[in-house]
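Q: need a structure here:
(one chain, ligands or ions: 1)
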Amino acid sequence: MQTNIPLVGNFKVTCEYGRKNSKNLTWIAGYHTGIDLVGDDQIYATCNGKVTRIGRNDKDYGNFIVIQDTENGKYHWFCHLSSIGVTLNQKVSRVSKIALMGATGNVTGKHLHYEIRNASNKYADNINPAEYMGIENKVGSYHSDDYQLEKKYEIGRYKVNTDILTVRRTPEILDHNWLKYSELTQNAQEQVAKLNPSKPNGLVRGVICDISEIKGVWGKCPSGWISLEYCIK
Ligand SMILES: [Zn+2]
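A: Residues are numbered from 1 along each chain as shown. From the prediction side, this is the model:
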């Protein structure tokens, strides 16, 4: 069972994403750039990615971890941690335990500040993390079981629904499994070249893939293995 939520079990949203500055709460951006969650201490990664930054004793974020999503380049920030369970450059997936919730940095109590930044990784360049998690962007109680990712992929035709989707030799997330452009089948090369003259080592948005075999979220197409999480049927 996997979700896009960093906590498992019952949890609460204590401050929603986008809340505007008030007398009691102010942010430099003028609004809350992440979402505040309270629940079980154990924190999980929320994407297939790599740890790109670990911060300690930051005056605002306290102890924090930044994980870059391997497929779309966005950065997931996990802040105010009591302890950090990953190392720099470590590969993680949604089942990876990465940290414990804490109250480090600028906080009034123990919680997880979870924020998703776009590829610039700059403060205030972010997306709505509630939407990513699949929950309402609203103070309230939730349970992770209610937001399981749909895993029942079926063999058939899929369309790539992200800018660049890497093709791998085996159904894994490791970088060295990536196929180079020259290693793609001729048909895939033609599709890629037509849609993106710069020829990246992956399939670009809109390419149609015939999936003949499925292992978890991975689908086997004529070129190799791709993550069906970034495709639409
Ligand atoms: Zn927050």
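
Q: which strands and helices sit next to the strand or helix carrying L100?
A: Following DSSP states H and E, the helix or strand that holds L100 is strand 97-101. Applying 3 or more CB pairs under 8 Å, 6 or more residues apart in numbering; DSSP states H and E, we find strand 97-101 packed against strand 42-44, strand 62-69, strand 75-84. C-beta: built from backbone N, CA, C; applies to glycine.

Q: buried residues in it?
A: I98, A99, L100, M101 (16 or more other CB atoms under 10 Å).

Q: over in this structure, which residue gets nearest the ion? Let me know.
A: Shortest the chain-to-the ion distance, computed as CB to the ion: residue-wise this is H113, at 3.4 Å.

Q: A helix includes that residue, no?
A: No - checked against DSSP: H, G, I helix; E, B strand; the rest coil, H113 lies outside a helix; its state is strand.

Q: how about it, what does it touch?
A: Residues in contact with H113 (CB atoms under 8 Å, 6 or more residues apart in numbering) are G34, I35, D36, Y61, W77, F78, C79, H80.

Q: list the beta-bridge partners for it.
A: Judged by DSSP bridges, the bridge partners of H113 are D36, C79.

Q: need the contact partners of the least confident helix or strand in the chain by mean pLDDT.
A: Within the chain, no helix or strand scores below helix 186-195, which has a mean of 72 by mean pLDDT, DSSP states H and E. With CB under 8 Å, 6+ apart as the test, helix 186-195 has contacts from 167, 181-182, 184, 199-200, 202-208, 221-223.
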